[in-house]
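Asks: Sharing a model prediction with you, sequence too.
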Amino acid sequence: MRSFKTRIVTVLFVCSIITVSMLFYFMLIFDDKKLANNLINTSRSVIVVGFAELRKENLTLCETYEKKVKLKLTQMFDEDSAAAGHHIDNDDDDDEKSVNENYLGNFFESLKSDLQPKQEDSSNNSALNFKNKELKKIWSLAKKWVRARQIIPEKAPELSLVIQALQHSKIIKSDVSRKGTQLKLLLTLEGGQQALFKPRRYPLDYIPDDIYAGADRHNGEIVAFHLSRILNQRYAPIVASRIINVANEIKPVASPSLLATFVPQTTKSNKTLECFYGECYYCNEYELLCPDESTGTLEGAIILMLPNQYQLQKLRHPWQRTYKKNLKAQWEMDSHYCLSVLKSNSLRPRVLDFVDTAIFDYLIGNADRHHYEVFKDVSNSALLLIDNGKSFGDPAHDETTIIFPLLQCCVIRNQTYQHLRRFAFATDSSRFNLSSIIRQLLSNDQLWPLLTERHLQALDRRLRMIIATIELCFDTYQRNYVLKN
């Protein structure tokens, strides 16, 4: 009997030690001493990051999260409807709406002014001619913008010049780009600036078979860049739309490597098209890229390369997929997975960066961020939003697994939350919801429409899901734990 009692006491002692250790571990990681003290004083059980519920009904973790978030969204909608039904006059709400509208109005005008052309165009945009000296100044300016936690500044009135230069400056060399799985060209523009060109492969309404299947989508790269500005996550390389004549602009200045992949094709109307397949992991001569038969042009996204002095470091993303349908990653099964991430990644800035990026990727539907890139040997580097080509696939599908960093960690930058909340506050008819702002900013783009109406509606719907997720975190934890400065 004494031996049995001794074992019981030992087990209880070990459990108490583990409990206290976890509480202090929680306190040190999240730097929330007040919250940790509250937990200790109230003798609450060990709190772990994420939703620690027991899953019922044989649901997967993803299905459990979806069910909880959709239930919360419905609850929020019912509460709003009930308040509207009672016709409650609340001066505070009216004041908040007015302040919100003013903020979004000023913010939108700032975004819009940065895109206003600074050079007069007499008749045709393609006729714009930049002098070599002007181009060097423009490229130099874009390089000076780059910092540890920005690729472009919050206010960039010269952004329109950079975009015009990307769209219209002369191509002095074209080459293959061997990095990655997708076909893209490495272009050298007049003034010595290098850029990547991702050509259009699909019509806008094409829906791939899987969330990360198919070729990169040029429209996704363009819209993602502008969305990064809208979200105040200015870590995406500058992207512009461009229309290129293959016979006149690409082939005459092509490298031997690129020329070797040209395979001219004769159409039914006996017209020869300058087709090529380039070099990449999936590139082959049976999947040729051909210009438009009537114009001989390719349309696509042209991406400004980052300055050479900023070397990139590529790291495995903690929420990386297995890319195997029958094999789930640990994070897809473990609701406490964020704890293991925190063992090797600091909360500030990295885990908060993971959450910001997950929000960005969820909005655009990008489930392919298997690695992440930061500036090598640059302290406090942002997580860069590079390679967004797998975005805007199926507008009807909201891939919950993308938002797992937020769901499992339940932390978010306060400034991110406040910024998102302002857009979510806007009504469907408002000119300041995400879809309306994208439409207004890019309606003059030479390739507009860049998104279908269904893709635009998906942006607003997914934002509401994100807000519901954050509200669910508020229900689970204290606000000062969820929101981080």
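Replies: Perfect, thanks for sending it.

Asks: need the helices for the stretch 51-200 of the chain, in chain order.
Replies: For the stretch 51-200 of the chain, the helices defined by DSSP state H, counting those that start in this stretch occupy 61-85, 91-114, 132-145, 159-168.

Asks: Can you tell me which of the ones you listed is packed in deepest?
Replies: Stretch with highest mean neighbour count among those: helix 159-168 (a mean of 21; mean count of other CB atoms under 10 Å). Bear in mind the C-beta positions are built from the backbone N, C-alpha and C, glycine included.

Asks: what's the average pLDDT for that helix?
Replies: Averaging pLDDT along helix 159-168 yields 97.

Asks: Report the distance from that helix to the chain centre.
Replies: 22 Å (CA atoms, centre = their mean, to the nearest Å).

Asks: How about stretch 341-352?
Replies: 19 Å.

Asks: That one: end-to-end distance?
Replies: End-to-end distance for stretch 341-352: 12 Å, by CA to CA, to the nearest Å.

Asks: cool, and stretch 365-384?
Replies: End-to-end distance (CA to CA), stretch 365-384: 17 Å.

Asks: What mean pLDDT does that stretch get?
Replies: Stretch 365-384 carries an average pLDDT of 96.

Asks: so which of the helices of the stretch 51-200 of the chain comes closest to Thr261?
Replies: helix 159-168 (24.0 Å; CB to CB).

Asks: contacts for the closest one?
Replies: Residues outside helix 159-168 that contact it (CB atoms under 8 Å, 6 or more residues apart in numbering) are 114-119, 125-126, 128-130, 135, 138-139, 141-142, 152, 189, 191, 193, 195, 238, 240-242, 302, 304, 446.

Asks: For this protein, which element, helix or strand, carries the lowest mean pLDDT?
Replies: When the helices and strands of the chain are scored by mean pLDDT, DSSP states H and E, helix 33-41 comes last with a mean of 41.

Asks: Tell me where the stretch 1-150 of the chain is predicted with low confidence.
Replies: 1-58, 81-95, 118-128 (pLDDT under 70).

Asks: now swap in the stretch 251-400 of the chain and tell me
Replies: For the stretch 251-400 of the chain, applying pLDDT under 70 flags no range at all.

Asks: show me the contacts for Val253.
Replies: When contacts are counted by CB under 8 Å, 6+ apart, Val253 touches Ile171, Ile172, Lys173, Ser174.

Asks: Tell me which two in those residues are the farthest apart.
Replies: Ile172 and Ser174 (8.8 Å).

Asks: Which one's more surrounded, these two?
Replies: Set Ile172 next to Ser174 and count neighbours by other CB atoms under 10 Å: Ser174 wins out with 22 against 13.

Asks: Please report the distance of the more buried one from Leu166.
Replies: According to CB to CB, to the nearest Å, Ser174 and Leu166 sit 15 Å apart.

Asks: what does Gln478 give?
Replies: In this view, Gln478 and Leu166 are 46 Å apart by CB to CB.

Asks: What is the burial count for Val374?
Replies: So Val374, with other CB under 10 Å, has 21 neighbours.

Asks: From what I see, it and Ser381 are in contact.
Replies: Yes - using CB atoms under 8 Å, Val374 is in contact with Ser381, at 4.1 Å.

Asks: Am I right that Thr188 is in contact with Lys170?
Replies: No - with contact defined as CB under 8 Å, Thr188 does not count as touching Lys170 (9.9 Å).

Asks: Between the two, point out the one with more neighbours.
Replies: Per other CB under 10 Å, whichever of Thr188 and Lys170 has more neighbours is Thr188, with 18 against 14.

Asks: excluding its backbone neighbours, what's nearest the more buried one?
Replies: Lys173 (4.0 Å; CB to CB, 6 or more residues apart in numbering).

Asks: Check the one you found and give its pLDDT.
Replies: Value for Lys173, per-residue pLDDT: 98.

Asks: can you check the one 4 residues further on too?
Replies: According to the predicted model, the pLDDT of Ser177 comes to 94.

Asks: Give me the neighbour count for it.
Replies: Ser177: 19 surrounding residues under other CB under 10 Å.

Asks: Contact partners for it?
Replies: Shown in contact with Ser177 (CB under 8 Å, 6+ apart): Lys184, Leu185, Leu186, Leu196, Gly278, Glu279, Cys280.

Asks: what's the most distant pair in those?
Replies: The distance between the two most remote of these (CB to CB) is 13.5 Å, for Leu196 and Glu279.

Asks: Pick out whichever of those two has more residues nearby.
Replies: Ranked by neighbour count (other CB under 10 Å), Leu196 and Glu279 place Leu196 first, with 21 against 18.

Asks: quick one: that one from Asp387, how far?
Replies: For Leu196, the distance to Asp387 - CB to CB - is 10 Å.

Asks: next one: Ile438
Replies: Using CB to CB, Ile438 is found at 20 Å from Asp387.

Asks: the more surrounded of the two?
Replies: Legend: neighbour count by other CB under 10 Å for Ile438 and Asp387, higher for Asp387 (24 against 19).

Asks: So the more buried one lies in a helix, does it not?
Replies: No - read with DSSP: H, G, I helix; E, B strand; the rest coil, Asp387 is coil and lies in no helix.

Asks: dump the residue contacts of the residue nearest to it when sequence neighbours are not counted.
Replies: Distances taken as CB to CB, 6+ apart put Gly180 closest to Asp387, at 7.4 Å, once the chain neighbours are dropped. Residues in contact with Gly180 (CB under 8 Å, 6+ apart) are Cys280, Tyr281, Asp387.
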